[in-house]
Every structure is written in C-alpha cells, then in structure tokens.
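K.L.:
Sequence and predicted model, in that order:
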Amino acid sequence: MQLIDGKATAKAIKGEIRAEVEELTSGGQRPPHLAAVLVGHDGGSESYVAFKIKDCEEVGFRSSLIRFEDDVNERVLLEKINELNNDPELDGFIVQLPLPDHINEQKLIEAIDPGKDVDGFHPVNVGKTVIGLPSFVSATPYGIVELLKRYKVETSGKNCVIVGRSNIVGRPMSILMSQKSINATVTVAHSRTRNLEELCASADILIAALGSPGFIKANMVKEGAVVIDVGTTRVPSTETKSGFRLRGDVVFDEVASKCSLITPVPGGVGPMTRVSLLLNTLKAAKENI
Ligand code: NAP
C-alpha cells in the first residue's frame, strides 16, 4: 500500500503557484486577488476562512475578508456581491457556506458572476463542467483529480464508485471521472442504493464522500483498489488541544493493507481542497472563464 500524501502534494502545488505569481508580478501585473464573504461567527466557517486567507498569503495572492453579522439582510449581501462582481481589482470571491436560515444560499450563488465564482458553485460553471468546457470546478473534486493525476493512477476503463451525491463533492466528482480525459466508468451511490457493500467491493477506484465516520470497512474494498476518503467528521477527542479530531469515512487501519493507494484523514483530500481554491483564483486572474 502507498499513502497518497495530500499535504505534501498541496505544498508542492503551492510552490508552483507562488512561482507563477512571481512571474506575473515581475511582468508588471498585480497579484491575483481573492475575497471571502463571511456571515456570522460559526467556529468552522471562521477557521475555514482564516485558512483561505493564510493560503493566499503563502502564495503571494492579495486577499480580502468581508464580514457581516448573522442578522444581515439578504439584500445587503446581494448588493455586496454586485459590488464584488464589478470590482476590476478582484479576480474571484467566495461566500462562505453555510449561511443563516433567513438567507437563500442558492439565490446568492446565482448572483455571483460565473467568471469570478472560484468555488465553482454557480450553475453556469456546473453546466460548463458537465459538457467539458473550461470552467471553475468545485475545490474538492478538483483536488481529488489532481491527486489521481500526480500519483499516476490509471483511470481509463476503471470502475469508479462514488459514495455520496452532494452538489459540492459526489456529483461533480462523478462528472469529472466520466470525462474523456479520465475515462472511468462511474457509479454514484447514495442512501437509497441497494447492495452497497458489493458495489463498493467492485470498485477499482472507491471515493467515499458520505460523512459517516468509519462506514467503509475492509469487506467493502477490492484487493488493490485505490481508496479516496473525503469524509471529515469532527469527533470528540481527549488527545487534542481543540477537544476534537477529524475522522474519515474509511476505517483506515483495516482498509490500508488491502488497497494499492489510499488517502489519510487528515492530510489527504483536505489540503488539496484548500489548494484548489488557489488554483481557481490563479485561473481567474489569468484567463477569461
Ligand atoms: P452531504 O451533503 O451530507 O452528502 C452526503 C451524501 O452521502 C449524500 O448524497 C447521502 O445520500 C450520502 N449518504 C449518507 N449516508 C449514506 C449511507 N449510509 N449510504 C450511502 N450514502 C450515504 O455531504 P458532503 O458535503 O458531500 O460531504 C461529505 C463528507 O465529506 C463530509 O464528511 C464532509 O465533511 C466531507 N468533506 C470534506 C472535504 C475535504 O476537503 N476533505 C470537503 C467537502 C466535504 P442522499 O443524497 O441519499 O442523502
């Protein structure tokens, strides 16, 4: 078994991005600029946004954090989005999800200019991805494809089973894996899927994205399979300062000995998700999507 080291891969990609930024700025262009809109003070969202800002600093991007209180009016957010859409000094921006219940998330996503939608959530970007046009692809599936490429995983003609069909992970992942550049034969499983154990055990590439810690056990994994564990569920822990640790959807210890390649949690898909937002922002600064 070989470990797919997402942390090391993300670090290498950050180095590549930094080099590109230096090239851009030495040619007289301003550095890429990412903004994050954060509503409220949810602990998870605060730390995700803080990581995004730190990542920008590391690669030489400019970043802006725009904060609103929990009780902000939807109209105020829509006005801010309109302002960001029209800001020529800004390449891309994200609205950190989830949002408070009184805000219509989808309405906000659809208000973002698709050319600045570096999260890749706008229906125009999703649609372009489906038909294989240049687009912003949502960060987690993008990062997983990059990992598969960099670890030279053979995908052509392989059976790929994806457990989970969310709009940000499972579904876009299935689209990417079935594209002509990747050529996998894809099955998307979900909570109504029958014979899930057998289905997973038939996969050459198994992508677990359901958010159920330890769900995928050794009997669900084919000998020699490539296993990508997207799951990151916070579980209480007495061993960490924060009082919790992240658990994946795969029982790593029993599955690792059976497969050819596997991502750990943490240190697998997570760092690649973060770096993919930087890749999308760089793309936004360089190209017209
Ligand atoms: P989500 O929106 O809750 O979707 C979960 C999907 O899994 C749904 O499609 C659901 O089926 C399916 N599912 C749930 N239980 C199942 C079961 N017992 N059998 C078969 N399918 C089942 O979750 P998400 O946003 O995609 O996230 C999934 C996991 O990935 C979470 O742990 C999340 O924290 C993690 N995540 C990690 C990263 C990262 O960077 N590492 C990024 C994003 C998400 P139905 O559609 O039928 O309900």
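P.N.:
Arrived safely, thanks for sending. Numbers count the residues shown, from 1 in each chain.
K.L.:
tell me the contacts of the residue lying closest to residue 272 once chain neighbours are set aside?
P.N.:
Of all residues not flanking residue 272 in the chain, residue 143 sits nearest, at 2.9 Å (C-beta to C-beta, 6 or more residues apart in numbering). No exception for glycine: its C-beta is placed from N, CA and C like everyone else's. By C-beta atoms under 8 Å, 6 or more residues apart in numbering, residue 143 lies in contact with 6, 10, 269, 271-276.
K.L.:
ditto for residue 38
P.N.:
Contacts of residue 38 by C-beta under 8 Å, 6+ apart are 45-46, 49, 65-68, 96.
K.L.:
Under a three-state scheme, what state does the residue nearest to residue 272 occupy?
P.N.:
helix (DSSP: H, G, I helix; E, B strand; the rest coil).
K.L.:
That one and residue 225: what is the separation?
P.N.:
20 Å (C-beta to C-beta, to the nearest Å).
K.L.:
and if you look at residue 96?
P.N.:
Residue 96 is 34 Å from residue 225, by C-beta to C-beta.
K.L.:
And those two? Which one has more around it.
P.N.:
residue 225 (24 against 19; other C-beta atoms under 10 Å).
K.L.:
Near the ligand, which residues of the stretch 51-200 of the chain? Just list them.
P.N.:
140, 163-166, 168-170, 189-193, 196 (C-beta under 6 Å from any ligand atom).
K.L.:
List buried residues within those residues.
P.N.:
140, 163-166, 168-170, 189, 196 (16 or more other C-beta atoms under 10 Å).
K.L.:
Just put the residues you listed in CSV and tack on secondary structure and pLDDT.
P.N.:
Shown next, in CSV, are these (DSSP: H, G, I helix; E, B strand; the rest coil; pLDDT from 0 to 100):
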residue, secondary structure, pLDDT
140, helix, 98
163, strand, 99
164, coil, 98
165, coil, 98
166, coil, 97
168, coil, 95
169, coil, 98
170, helix, 98
189, strand, 98
196, helix, 98
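K.L.:
what about the strands in the stretch 151-289 of the chain?
P.N.:
159-163, 185-189, 205-208, 226-229, 233-236, 244-247, 261-262 (DSSP state E, counting those that start in this stretch).
K.L.:
which residues are in contact with the helix or strand containing residue 127?
P.N.:
Here residue 127, judged by DSSP states H and E, is contained in helix 123-130. Residues outside helix 123-130 that contact it (C-beta under 8 Å, 6+ apart) are 110, 114, 117, 120, 134-137, 167, 172, 175-176, 289.
K.L.:
quick one: which of those residues has the most company?
P.N.:
Neighbour max across the contacts of helix 123-130 (other C-beta under 10 Å) = residue 136, 29 neighbours.
K.L.:
where does the closest residue to it other than its chain neighbours land in three-state SS?
P.N.:
Of all residues not flanking residue 136 in the chain, residue 120 sits nearest, at 3.9 Å (C-beta to C-beta, 6+ apart). Following three-state DSSP, residue 120 is assigned to coil.
K.L.:
pretty sure residue 120 is touching residue 169, no?
P.N.:
No. Contact criterion C-beta atoms under 8 Å: residue 120 and residue 169 do not qualify, at 11.7 Å.
K.L.:
which residues do these two both contact?
P.N.:
residue 138.
K.L.:
quick one on the thing from earlier: most surrounded residue in the contacts of residue 143?
P.N.:
residue 269 (29 neighbours).
K.L.:
Around the nearest residue to that residue once chain neighbours are set aside, how many other residues sit close by?
P.N.:
The shortest distance from residue 269 to any non-neighbouring residue, by C-beta to C-beta, 6+ apart, is to residue 230 (5.1 Å). The tally of other residues near residue 230 (other C-beta under 10 Å) stands at 29.
K.L.:
tell me the contacts of residue 230?
P.N.:
140, 144, 164, 169, 207-209, 248-249, 269.
K.L.:
Tell me the spacing between it and the ligand.
P.N.:
Distance from residue 230 to the ligand, counting by C-beta to the nearest ligand atom, to the nearest Å: 4 Å.
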